[in-house]
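Colleague: Fold the following and give me the result.
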Amino acid sequence: MGNQTLSPQQITFMIFLFLTGSSLVFIPEILAGQSAWMACLLGSLTGLYIIILLLALFTRFPDMSITRISELALGKIAGSILNILFFFSLFLIAQGLLYNLCFLLGLIYPAICGFILRSLVLLSAAYCIYRGPAMLGRLYESFIGLILFFFLLGIIASFPIMNLSELKPLWPEWKPLLSGAFFVADWPFAQLVILAFFFPLVQGLKEKKKAFIGWYLLAVAVLVFEDIQMISILGQELADISRFPLLKVNRLTGFGEFRRVELFFFILWFIVGFTALTAYYQGLVLNLKELLRLENPRPLILPLGLCLMVFTAYMYPSDLNYITTRLRYIPFFTMPINLLYPTVIFIAASLSKGRLSSRHSRSEG
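Modeller: Below is the predicted model of the structure:
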């Protein structure tokens, strides 16, 4: 699939764009009400744990895919079962990213049916994946400056209409706080497990650990500010019932006589949402390639995209169905899998590091 390497800088940009792209179209921490920003901070510990764990794993085994490490460390049967469960978890998350992005597009272009929107989005993502992971890296480098500019613009534009008294009381009820923290830990922070398919493609991973953590913390700061922004401008009740509260926030902001800035922010939402979806689409292709023992993953791209499109339309025939399924059922599968998968593999690989390396050498030979 073209050039298979990524630079550490491209991965740092990927972490930032993925987190912001996932959260802009779905904000589960709003369940915590005026304490959404606290829930976001608590949930971010999950993402930090996953990044540190994956960095430690691929520092020890830099030239191996996580699918291969799983089978060598746990055994072929147990490793394969865990890999299949993980693939299913990734598939469910990719469905959510596709649905949310196309639903947002449908609000802007209501005359275009959902099938066409999903087809256009997936074909665009498939083209990027066909060009290889390096294409994604160049995509992140090209967009990062524009994205940071729009985030800064949004911060400046929203300050005059923010009412921080809406954040009171600062000490919340613990049940809504824990509920919001759980759901935001699942979406978007636990989704960073997708980095497991990109870290083996990075040269000099060990030397750039601080940069990865730094850009992760920057993304968390942006998400926390967006929660504060939503609650302080819309209030708890309006933010809670809004499907896209940030869209409402940007409709209220402006610069003097220049209004309707949400049209410019739509560019931001689409870019970061599309990059998040493409990263997961790419990760699914790389994962399935390892599961099927294929040398060339290109034949998987379009069939996998077709499966994503069909199953998304089947599982989420309406937005009410999506919200119900997303909040009631899916996190209780994806969250444990995304946390346990790298944890179990790291422990097993650490306990059998010598045997794992020798097995890998024999299989390569």
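
Colleague: quick one: residue 119 and residue 310 touch, right?
Modeller: No. Using C-beta atoms under 8 Å, residue 119 makes no contact with residue 310, being 11.2 Å away. Placement of C-beta: from N, CA and C, glycine included.

Colleague: neighbour-wise, which of those two wins?
Modeller: residue 119 (15 against 11; other C-beta atoms under 10 Å).

Colleague: which non-adjacent residue is nearest that one?
Modeller: Nearest non-adjacent residue to residue 119, counting by C-beta to C-beta, 6 or more residues apart in numbering: residue 309, 6.8 Å away.

Colleague: For the stretch 201-350 of the chain, which residues score under the pLDDT cut-off?
Modeller: 254-264 (pLDDT under 70).

Colleague: Which parts of it are helices?
Modeller: 209-234, 236-241, 245-252, 262-292, 298-315, 319-328, 331-351 (DSSP state H, counting those that start in this stretch).

Colleague: Would you reformat these as a markdown table and include distance to residue 89?
Modeller: Output for these, formatted as a markdown table (distance: least, C-beta to C-beta, whole Å):
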| stretch | distance to residue 89 |
| --- | --- |
| helix 209-234 | 21 |
| helix 236-241 | 28 |
| helix 245-252 | 26 |
| helix 262-292 | 10 |
| helix 298-315 | 14 |
| helix 319-328 | 14 |
| helix 331-351 | 4 |
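
Colleague: closest to residue 174 out of those?
Modeller: helix 236-241 (16.7 Å; C-beta to C-beta).

Colleague: re the thing from before, shouldn't the residue nearest to residue 119 be in contact with residue 118?
Modeller: Yes. Look at residue 309 against residue 118 with C-beta under 8 Å: they come within range, at 4.9 Å.

Colleague: intersection of neighbour lists for the two?
Modeller: residue 98 (C-beta atoms under 8 Å, 6 or more residues apart in numbering).

Colleague: Got the confidence number for the spatially closest residue to residue 93 that is not a sequence neighbour?
Modeller: Counting by C-beta to C-beta, 6+ apart, residue 93 lies nearest to residue 191, which is 5.6 Å off, once chain neighbours are set aside. Looking at residue 191, its pLDDT reads 91.

Colleague: any idea whether residue 191 is helix, strand or coil?
Modeller: State at residue 191, reduced to three classes by DSSP: H, G, I helix; E, B strand; the rest coil: helix.

Colleague: Show me what the helix or strand hosting residue 69 is packed against.
Modeller: Per DSSP states H and E, residue 69 falls inside helix 66-74. Counting contacts by 3 or more C-beta pairs under 8 Å, 6 or more residues apart in numbering; DSSP states H and E, helix 66-74 is packed against helix 76-108, helix 262-292, helix 331-351, helix 353-364.

Colleague: buried stuff in the first one?
Modeller: Put plainly, it is helix 76-108. 79, 82-83, 86-87, 89-106 (16 or more other C-beta atoms under 10 Å).

Colleague: Contacts made by the helix holding residue 69 with the rest, please.
Modeller: 57, 61, 64, 79-80, 82-83, 196-197, 200, 287, 290-291, 341-342, 344-345, 348-349, 352, 356, 359-360, 363.

Colleague: Tell me how far that helix lies from the chain's centre.
Modeller: 23 Å (C-alpha atoms, centre = their mean, to the nearest Å).

Colleague: what's the closest of the helices and strands packed on helix 66-74 to residue 183?
Modeller: Across the helices and strands packed on helix 66-74, closest to residue 183 is helix 331-351 (C-beta to C-beta), at 6.0 Å.

Colleague: tell me what that closest one is packed against?
Modeller: Counting by 3+ C-beta pairs under 8 Å, 6+ apart, helix 331-351 packs on helix 36-60, helix 66-74, helix 76-108, helix 174-186.

Colleague: contact partners of that helix?
Modeller: Under C-beta under 8 Å, 6+ apart, the answer for helix 331-351 is 46, 49-50, 53-54, 56-57, 60-61, 66, 69-70, 72-74, 82, 85-86, 88-89, 92-93, 182-183, 185-187, 190-191, 193, 196, 356.

Colleague: now the helix holding residue 69 and helix 262-292, what's the angle there?
Modeller: 40 degrees (axes from the mean of the first three to the mean of the last three C-alpha atoms, to 10 degrees).

Colleague: now helix 66-74: mean pLDDT?
Modeller: Here the average pLDDT along helix 66-74 is 90.

Colleague: CA-only coordinates of that helix in CSV, if you can.
Modeller: Taking Å, rounded to 0.1, in the frame of the first residue of the first chain, the C-alpha atoms of helix 66-74 are listed here in CSV:
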residue,chain,number,x,y,z
ILE,A,66,0.0,-6.1,17.8
THR,A,67,-2.0,-8.9,16.1
ARG,A,68,1.2,-10.9,15.7
ILE,A,69,2.4,-10.2,19.3
SER,A,70,-1.0,-11.4,20.5
GLU,A,71,-0.8,-14.8,18.8
LEU,A,72,2.9,-15.3,19.8
ALA,A,73,2.4,-14.3,23.5
LEU,A,74,-1.0,-15.9,24.1
